[in-house]
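quick one, fold the following:
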Amino acid sequence: MQRWKSLLSKRFETLNSNNPQFATQSTVLDNVTDVTSNILPRAAVALIIRLCPKGVPQVLLTKRASSLRSYAGDVCLPGGKYEQSDHNLVNTASRETKEEVGVPPDSLDFISTLPMLPAGMERATAVTPVVFLLTKETEIIANASEVDAVFWVPLGVFLNENTKKKPKSFTYEGKIKFSTVAFDFFDVETQRTFLIWGFTARLCVVCATVALDTSPHFPFTALSITWSPSDGKVFLSEVILRTSDVSALKSKI
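Residues are numbered from 1 along each chain as shown. Got it, this is the predicted structure:
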């Protein structure tokens with residue numbers, strides 16, 4: 001476990017250096033909103049990775065309850081809005097994880113935070129993904145008021161897109177097109193098929209790319225939020241993942 005933790009830490013550190021899986025980040029939208037960084041809505045999600053008995057890394061996902069007002073029935077990661085009592089976004093992610101699926105903070109080892117991503121285009125929330133490693137076996141207890149199902153997905157699933165149920169791109173303000181991806185995943189334990197797409201799917205592709213040190217073999221871009229401290233302008237940037245050919249990909253998984 002300690003060796004895997006060290007390996008993950010080193011791989012996620014490359015997000016802030018020259019990761020060969022990523023092309024150069026480029027700004028594609030200027031001044032998306034005129035709010036400053038300190039009043040931009042903030043949130044965090046938890047990317048919880050575990051090793052199954054065969055040594056395959058998996059990520060924890062949930063299906064939101066159909067009674068919720070936002071994103072009802074969607075597959076997502078544990079997480080929610082930042083509260084002042086959290087003090088930092090890592091605590092936000094661990095608190096929401098405990099509330100939604102019952103995993104206590106002492107079962108999680110912090111690995112890294114990822115660049116902020118936008119959730120929602122009209123009134124964007126800046127979401128900070130937080131990567132944890134599950135280091136203690138713990139019972140998953142879904143909060144029925146928020147969560148309909150909890151399941152684990154092998155990270156390798158996100159290297160091969162396999163569904164056509166959702167559009168592959170969306171257009172912002174009728175002029176700039178961004179890509180999205182979608183995956184069908186059949187969970188043996190629950191005997192249910194889950195559709196993973198949009199924000200959650202894009203984030204899982206990035207996580208799999210870094211954790212497994214490889215690239216998806218389909219065209220893919222991720223979005224990132226940055227801002228200028230000097231004038232408070234917010235920028236939406238696009239990060240392009242390099243694409244592996246199928247034969248090379250199969251040799252790594």
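
doesn't W4 belong to a helix?
Yes: the assignment for W4 (DSSP: H, G, I helix; E, B strand; the rest coil) places it in a helix.

quick check: it touching L51?
Yes: W4 lies in contact with L51 (C-beta atoms under 8 Å); the separation is 6.1 Å. C-beta coordinates here come from the backbone N, C-alpha and C atoms, glycine included.

hey, what's in contact with both of those two?
Counting by C-beta atoms under 8 Å, 6 or more residues apart in numbering, the common neighbours of W4 and L51 are P57.

now the helices for the stretch 51-200 of the chain?
Assigned by DSSP state H, counting those that start in this stretch, the stretch 51-200 of the chain shows helices spanning 89-101, 198-211.

in stretch 77-90, what counts as buried?
By neighbour count on 16 or more other C-beta atoms under 10 Å, the buried set for stretch 77-90 is 77-80, 82, 86, 89-90.

need the contact partners of that stretch.
So stretch 77-90 is contacted by 41-48, 59-62, 92-93, 95-97, 99-101, 103, 110, 113, 125, 127-130, 200, 203 (C-beta under 8 Å, 6+ apart).

ok, of those, which come out buried?
By 16+ other C-beta under 10 Å, these give 42-48, 59-62, 92-93, 95-97, 100-101, 103, 113, 125, 127-130, 200, 203 as buried.

where does the prediction get shaky in the stretch 51-200 of the chain?
Where the stretch 51-200 of the chain drops to pLDDT under 70, the residues are 71, 120-124, 165-179.

output stretch 63-77 as CSV - backbone C-alpha positions only.
Coordinates of each C-alpha in stretch 63-77 appear next as CSV, following Å, rounded to 0.1, in the frame of the first residue of the first chain:
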residue,chain,number,x,y,z
LYS,A,63,-25.6,7.9,-8.3
ARG,A,64,-27.4,10.9,-7.0
ALA,A,65,-30.9,10.4,-5.5
SER,A,66,-33.7,11.2,-7.9
SER,A,67,-35.3,13.6,-5.3
LEU,A,68,-32.4,16.1,-5.4
ARG,A,69,-33.0,19.5,-7.0
SER,A,70,-29.7,19.5,-8.9
TYR,A,71,-28.2,16.8,-11.1
ALA,A,72,-30.9,14.3,-9.9
GLY,A,73,-30.1,10.7,-10.9
ASP,A,74,-26.6,11.6,-12.3
VAL,A,75,-23.5,9.6,-11.6
CYS,A,76,-21.0,11.8,-9.7
LEU,A,77,-18.2,11.9,-7.2
